[in-house]
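Participant: Got a predicted structure plus its sequence, pasted below:
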Amino acid sequence: MSEAVVDSHAHSAVKQPAESPVTPESWGKLGMWVFLAGDAMSFGGLLAGYGAMRASSPDWPNPLEALGIELTAFMTFLLIVSSFTMVKALSAAKHSDLPNFRKYLLLTIIGGTIFLGLQAYEWTHLTHIGMTMSGNPWGAPLFGTTFYILTGFHGCHVFGGVVYLTCVLFTGMNGRFLGENSSPVEIVGLYWHFVDLVWILVFTFVYLL
């Protein structure tokens, strides 16, 4: 009897292995946040460089007159709408609503693709009127340099986001990312919202101010 009691106490004294509070899903989110933090510094450096060059140039052209506003305002609206459809896609995934998950994620992809097409059209138009990386019709040669670097860097992120979203859509077509498995949708949503937020900053600094 005493041996049984001793064995019982010895067994209870053995510590059970603690479960790690960090899951694969949280590691994925943490990794995305770290990536976005580094990317935010890259965009911040580019915007700071743009501001410094613009402030030191006496003949910097008025962006509203040189670049126009109608097309880019629509592009901005398009990305804002795509953020909304991304939210709806994530909500559908969490509620195991496969048809709406497919529909809203596809709409997000379409929005990003149209944005890239409009940006290509804008660049083509600007190069035809003489705006290049090294010169433009309005003076301040660095105006074209900073414009193409900033908008091009963002455009690369949009392209990467469209590819990322497409991979998530095709991988999750059979319901793989529904319910408790919706973390990959949430992670790609973080990236897409970041891309949209950065464009609002680029649009404000480059086109409006």
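Facilitator: Sure, I can see it.
Participant: Every contact and neighbour count from this point should use C-alpha atoms.
Facilitator: OK.
Participant: Residues touching the one helix or strand residue 198 maps to, excluding its own?
Facilitator: In this structure, residue 198 sits in helix 183-202 according to DSSP states H and E. The set of residues external to helix 183-202 that reach it, using Cα atoms under 8 Å, 6 or more residues apart in numbering, is 25, 28-29, 32, 36, 43, 47, 76, 79-80, 83, 86-87, 89-90, 93, 150-151, 154, 157-158, 161, 164-165, 168, 177.
Participant: How far off centre is it?
Facilitator: Centroid separation for helix 183-202 versus its chain: 3 Å, with Cα atoms, centre = their mean, to the nearest Å.
Participant: Next, the buried residues of that helix.
Facilitator: Using 16 or more other Cα atoms under 10 Å as the test for burial, helix 183-202 gives 183-200, 202.
Participant: Same question for stretch 148-158.
Facilitator: By neighbour count on 16+ other Cα under 10 Å, the buried set for stretch 148-158 is 148, 150-151, 154-155, 157-158.
Participant: contacting residues around it?
Facilitator: Here stretch 148-158 has contacts from 43, 46-47, 112, 116, 119, 133, 192, 195, 198-199, 202, using Cα under 8 Å, 6+ apart.
Participant: just to confirm, which helix or strand has residue 93 in it?
Facilitator: Residue-wise, residue 93 maps onto helix 70-94 under DSSP H and E.
Participant: Which strands or helices does the next helix or strand after that helix pack on?
Facilitator: Going down the chain from helix 70-94, the next helix or strand is helix 98-128, by DSSP H and E. In this structure, helix 98-128 makes packing contacts with helix 70-94, helix 142-171, judged by 3 or more Cα pairs under 8 Å, 6 or more residues apart in numbering; DSSP states H and E.
Participant: Can you tell me which of those is most buried?
Facilitator: Neighbour counts (mean count of other Cα atoms under 10 Å) averaged over each of the helices and strands packed on helix 98-128 peak at helix 70-94, with a mean of 20.
Participant: now that helix against helix 142-171, angle please.
Facilitator: 30 degrees (axes from the mean of the first three to the mean of the last three Cα atoms, to 10 degrees).
Participant: Model confidence at residue 15, what's the number?
Facilitator: Per-residue confidence for residue 15 comes out at a pLDDT of 47.
Participant: Just the buried residues of the longest helix along the chain, please?
Facilitator: Looking across the chain with DSSP state H, the single longest helix is helix 24-56. Residues 29, 32, 36, 43, 46-47, 50, 53-54 are the ones in helix 24-56 that count as buried (16+ other Cα under 10 Å).
Participant: Please list the outside residues in contact with the helix or strand immediately after it in the chain.
Facilitator: Using DSSP H and E, the helix or strand that follows helix 24-56 in sequence is helix 63-67. Defining contact as Cα under 8 Å, 6+ apart, one finds that helix 63-67 is touched by 126, 138, 206-209.
Participant: List only buried entries from the residues you listed.
Facilitator: 126, 138, 206-207.
Participant: Next step: those residues restricted to helices.
Facilitator: Judged by DSSP H, the subset of the buried ones among the contacts of helix 63-67 located in helices is residue 126.
Participant: can you put the buried ones among the contacts of helix 63-67 in JSON lines and add pLDDT?
Facilitator: Shown next, in JSON lines, are these (pLDDT from 0 to 100):
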{"residue": "126", "pLDDT": "84"}
{"residue": "138", "pLDDT": "73"}
{"residue": "206", "pLDDT": "83"}
{"residue": "207", "pLDDT": "83"}
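Participant: No further questions, thank you.
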